[in-house]
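Engineer: From the sequence below, what's the structure:
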Amino acid sequence: MLNSAQNSSLATPPVMAVPQKNVQGAKAPNSISGAPEAKGAAAKPATAKGGVEESQDRFLKLLVTQMKNQDPLNPMDNAQVTSQMAQLSTVSGIDKLNATLKALSGSMTASQSLQASSMIGHVVMAPGNKMELKGGKAAAALDLEQSADSVSVQIKDATGNVVRTMNLGSQAGGVVKMQWDGMNDANEALPDGNYQFAATAYLGEKKSSVNGLSYGLVNGVVKKPEGSSLSVEQLGEVGMDTVKEIL
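Structural biologist: Next up is the predicted model:
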């Protein structure tokens with residue numbers, strides 16, 4: 001007769017280990033039969049919200065959460081909620097204002113370029129220290145910040161030598177126009193060409209500020225992000241806001 005241990009061994013057959021093939025590149029089965037295979041990270045929304053809209057969403061979510069979890073015996077202060085909503089409205093308004101100003105700036109830049117193009121072929125007066133002698137005539141101007149008791153101008157040739165000194169006497173503040181007949185200090189006619197000038201002004205014994213103004217022909221318009229400027233013969237690029245006179 002068989003004892004209990006032998007009966008147990010006969011009743012329960014031995015479990016044989018089934019060898020599994022190690023297939024390289026095989027994928028593990030899904031834990032749930034028929035479940036679709038994951039295809040990476042979730043797709044991003046087609047359009048992203050702007051910074052202001054995101055701030056509004058976050059604020060409303062926080063506000064709703066705060067109101068849901070507030071202490072019934074100590075509810076939120078209405079003034080505090082109103083203040084927070086007013087701050088959010090201010091931020092939104094500033095963002096819209098910036099967008100409006102940006103659009104307005106672009107429109108003004110285009111308008112300025114159109115206005116500048118109408119100046120092509122005209123002579124303008126702008127900051128500079130050059131004057132062109134042609135046919136025994138040359139013109140320039142001075143910009144005095146204040147009245148002066150005495151104003152003198154030195155005209156120089158291309159080598160920097162002073163060829164003529166002109167005393168304009170006392171002058172009121174503002175733009176002072178001057179003419180040169182092309183004669184040097186020895187009363188000799190000088191050849192046509194480009195010359196330079198430098199001015200000095202005195203109020204009493206104190207030196208006063210004076211800036212030179214030159215005439216030049218507008219040849220074109222240079223468009224830049226900060227605005228349009230004029231391309232002026234002999235003067236280079238000249239800002240629209242520095243033009244003193246258009247002839």
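
Engineer: Who are the packing partners of the lengthiest strand in the chain?
Structural biologist: Longest strand in the chain by number of residues (criterion: DSSP state E): strand 210-224. Judged by 3 or more C-beta pairs under 8 Å, 6 or more residues apart in numbering; DSSP states H and E, strand 210-224 is in contact with helix 78-117, strand 123-127, strand 130-133, strand 138-144, strand 193-203, strand 227-232. For the C-beta atoms, the positions are set from N, CA and C on the backbone; glycine is no exception.

Engineer: mind showing which ranges of the protein have poor pLDDT?
Structural biologist: For the chain, the stretches flagged by pLDDT under 70 are 1-53, 55-56, 76-77, 81, 84-85, 88-89, 91-92, 103-110, 112.

Engineer: any residues touching stretch 170-180, and which ones?
Structural biologist: Among residues not part of stretch 170-180, those counted as contacts by C-beta atoms under 8 Å, 6 or more residues apart in numbering are 125, 131, 133, 137-151, 153, 155, 164, 166, 168, 201, 213, 244-245.

Engineer: Which of those are buried, as a PyMOL select command?
Structural biologist: Command for PyMOL, covering only those of the contacts of stretch 170-180 found buried under the criterion 16 or more other C-beta atoms under 10 Å:
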select buried, resi 125+131+133+138+139+140+141+142+143+144+148+151+153+155+164+201+213
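
Engineer: Only the buried residues of the longest strand of the chain, if you could.
Structural biologist: With burial defined by 16+ other C-beta under 10 Å, the residues of strand 210-224 counted as buried are V210, G212, L213, S214, Y215, G216, L217, V218, V221.

Engineer: now stretch 162-177
Structural biologist: Counting neighbours by 16+ other C-beta under 10 Å, stretch 162-177 gives V163, R164, Q171, V176 as buried.

Engineer: Pick out whichever of those residues sits closest to A116.
Structural biologist: Comparing the buried residues of stretch 162-177 against A116 with C-beta to C-beta picks out V176 as the nearest, at 26.8 Å.

Engineer: what angle sits between the host helix or strand of the closest one and strand 138-144?
Structural biologist: In this structure, V176 sits in strand 174-180 according to DSSP states H and E. In this structure, strand 174-180 runs at an angle of 160 degrees to strand 138-144, with axes from the mean of the first three to the mean of the last three C-alpha atoms, to 10 degrees as the basis.

Engineer: CA atoms only for strand 174-180, dumped as CSV, please.
Structural biologist: The C-alpha atoms that make up strand 174-180 are tabulated as CSV, following Å, rounded to 0.1, in the frame of the first residue of the first chain:
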residue,chain,number,x,y,z
GLY,A,174,17.0,130.6,-33.9
VAL,A,175,17.9,130.0,-37.5
VAL,A,176,20.2,132.6,-39.1
LYS,A,177,20.7,132.3,-42.8
MET,A,178,24.0,133.5,-44.5
GLN,A,179,25.3,134.0,-48.0
TRP,A,180,28.9,133.7,-49.3
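
Engineer: Give me the sheet partners of it and which way each runs.
Structural biologist: Listed by DSSP bridges, the sheet partners of strand 174-180 and their directions read strand 138-144 (antiparallel).

Engineer: what's the angle between the partner strand and strand 210-224?
Structural biologist: For strand 138-144 and strand 210-224, the angle between their directions (the same axes, to 10 degrees) works out to 100 degrees.

Engineer: how much does strand 138-144 deviate in direction from strand 123-127?
Structural biologist: Using the same axes, to 10 degrees: strand 138-144 against strand 123-127 is 40 degrees.
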